[in-house]
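*Asks:* structure of the sequence below:
(one chain, ligands or ions: 1)
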Amino acid sequence: MEAKQGTPFHYIGVSLPRSGHSFFRRALIRYFRHGLKFCDAYKPERCCQARPCTALGGAQVFYQKNHDFDLGLDPTMASESLAYVVQYRHPIPQLLSYLEHSGVDPGSPARFAWMAQHLRYRAAFVRKWLRPAPPGVLRLRYEDLVANPQRAIGGIIRHGVGRVNERRLAAAIGATAGKIAGGDAFEPRVLEASAHFDRASLAAYEALLLEEEPDLGYAPMFGGGTPDAAHPMVRAYRTQARAHAMPEQSPACE
Ligand SMILES: [Zn+2]
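*Replies:* Take a look at the predicted model:
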């Protein structure tokens, strides 16, 4: 599936937080330079927010950042000139990185509700975008991006514009990796070093996730098993799930 000559190609990024979006975006911007228009769905003042974008100017490639937090993104827009780039990562390092990024206090009981809410989003995200993937989804696994960014990003570019300038891509990736060094993206993560590493909570998170998403696509880190019903994160999750399942009250009842 390749865009016709002269037809702009749209990538709609759909990423789980902390799954390599920043690295991919920066490398893509460096590679295409002025040929690419980037839009952040969370900064609507900078773009028309139409999909596809109506304010491309002369750009031949469009890329939008989106996490689909509300799961409202239309999965049926794929065409010869539009594809979704779905970024995901092993659930445990993804969760730890996101907890660190979120500013949630590692010692606060509020973290359990936060984790439970993120779990519900992640499970629904995976069901919507990966199990099975709708037509037009290009998978970009964090682990593949880290292991071989040239191949992973090259495959995405090839799908959209048909050919890849490997030397220019290598330069774009090299410059991006340099900028990110010292950040989080490409340093091997030592899970136990995280302030949020708490074996019981992470094991409960993984066990609950396996209930929702039996095929994680990754080896479980804590062996699966049954969620500990007494763990506060499991209780928070069950409470949220029940609240979510209840029919919404009509305002007219008040
Ligand atoms: Zn726009």
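*Asks:* tell me the bridge partners for residue 141.
*Replies:* Under the criterion DSSP bridges, residue 141 forms beta bridges with residue 88.
*Asks:* and the pLDDT for it?
*Replies:* pLDDT for residue 141: 96.
*Asks:* likewise the one 3 residues further on?
*Replies:* The per-residue pLDDT reported for residue 144 equals 95.
*Asks:* burial measure for residue 72, as a count.
*Replies:* 7 (other C-beta atoms under 10 Å). C-beta: built from backbone N, CA, C; applies to glycine.
*Asks:* who's in contact with it?
*Replies:* Residue 72 makes contact with no residue, according to C-beta atoms under 8 Å, 6 or more residues apart in numbering.
*Asks:* residue 144 contacts residue 153, correct?
*Replies:* No. With contacts counted by C-beta atoms under 8 Å, residue 144 stays clear of residue 153, the gap being 9.9 Å.
*Asks:* quick one: which of these two has more around it?
*Replies:* Between residue 144 and residue 153, residue 153 has the larger neighbour count (other C-beta under 10 Å), namely 24 against 15.
*Asks:* heading C-terminal from the helix or strand hosting that one, find the next helix or strand.
*Replies:* According to DSSP states H and E, residue 153 maps onto helix 149-161. Following helix 149-161 in sequence order, the next helix or strand is helix 166-180 (DSSP H and E).
*Asks:* tell me what the lowest-mean-pLDDT helix or strand in the chain is packed against?
*Replies:* Least confident helix or strand of the chain, by mean pLDDT, DSSP states H and E, is helix 166-180 with a mean of 88. Other helices and strands packing on helix 166-180, by 3 or more C-beta pairs under 8 Å, 6 or more residues apart in numbering; DSSP states H and E, are helix 21-32, helix 149-161.
*Asks:* show me which positions of stretch 235-245 end up buried.
*Replies:* 235-237 (16 or more other C-beta atoms under 10 Å).
*Asks:* can you pull out the strands in the stretch 1-150 of the chain?
*Replies:* Assigned strands in the stretch 1-150 of the chain, in chain order: 9-15, 36-40, 61-65, 82-88, 137-141 (criterion: DSSP state E, counting those that start in this stretch).
*Asks:* what's in contact with the first one?
*Replies:* By C-beta under 8 Å, 6+ apart, the surrounding residues in contact with strand 9-15 are 3, 21, 24-25, 28, 51-53, 60-68, 73, 77, 81-88, 129, 138, 156, 160-161.
*Asks:* and for the last one?
*Replies:* Strand 137-141 is contacted by residues 11, 20, 24, 78, 83-89, 129-130, 133, 152, 155-156, 159 when judged by C-beta under 8 Å, 6+ apart.
*Asks:* put the alpha carbons of it into PDB.
*Replies:* The C-alpha coordinates for strand 137-141 follow below in PDB (Å, rounded to 0.1, in the frame of the first residue of the first chain):
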ATOM      1  CA  VAL A 137      -2.200  -0.400  11.500                       C
ATOM      2  CA  LEU A 138       1.600  -0.400  11.400                       C
ATOM      3  CA  ARG A 139       2.900  -1.900  14.700                       C
ATOM      4  CA  LEU A 140       5.900  -0.300  16.200                       C
ATOM      5  CA  ARG A 141       7.000  -2.200  19.300                       C
END
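*Asks:* got the angle between that strand and strand 9-15?
*Replies:* 50 degrees (axes from the mean of the first three to the mean of the last three C-alpha atoms, to 10 degrees).
*Asks:* angle of strand 137-141 against strand 82-88?
*Replies:* Using the same axes, to 10 degrees: strand 137-141 against strand 82-88 is 30 degrees.
*Asks:* do the same with the second one
*Replies:* Between the axes of strand 36-40 and strand 82-88, defined by the same axes, to 10 degrees, the angle is 60 degrees.
*Asks:* quick one on the thing from earlier: so which elements touch the helix holding residue 153?
*Replies:* strand 9-15, helix 21-32, strand 82-88, strand 137-141, helix 142-147, helix 166-180.
*Asks:* quick one: mean pLDDT for it?
*Replies:* Mean per-residue pLDDT for helix 149-161: 97.
*Asks:* before we move on, back to that, a markdown table please, covering the helices and strands packed on helix 149-161 and showing distance to residue 112.
*Replies:* Shown next, in a markdown table, are those (distance: least, C-beta to C-beta, whole Å):
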| stretch | distance to residue 112 |
| --- | --- |
| strand 9-15 | 25 |
| helix 21-32 | 26 |
| strand 82-88 | 23 |
| strand 137-141 | 28 |
| helix 142-147 | 25 |
| helix 166-180 | 31 |
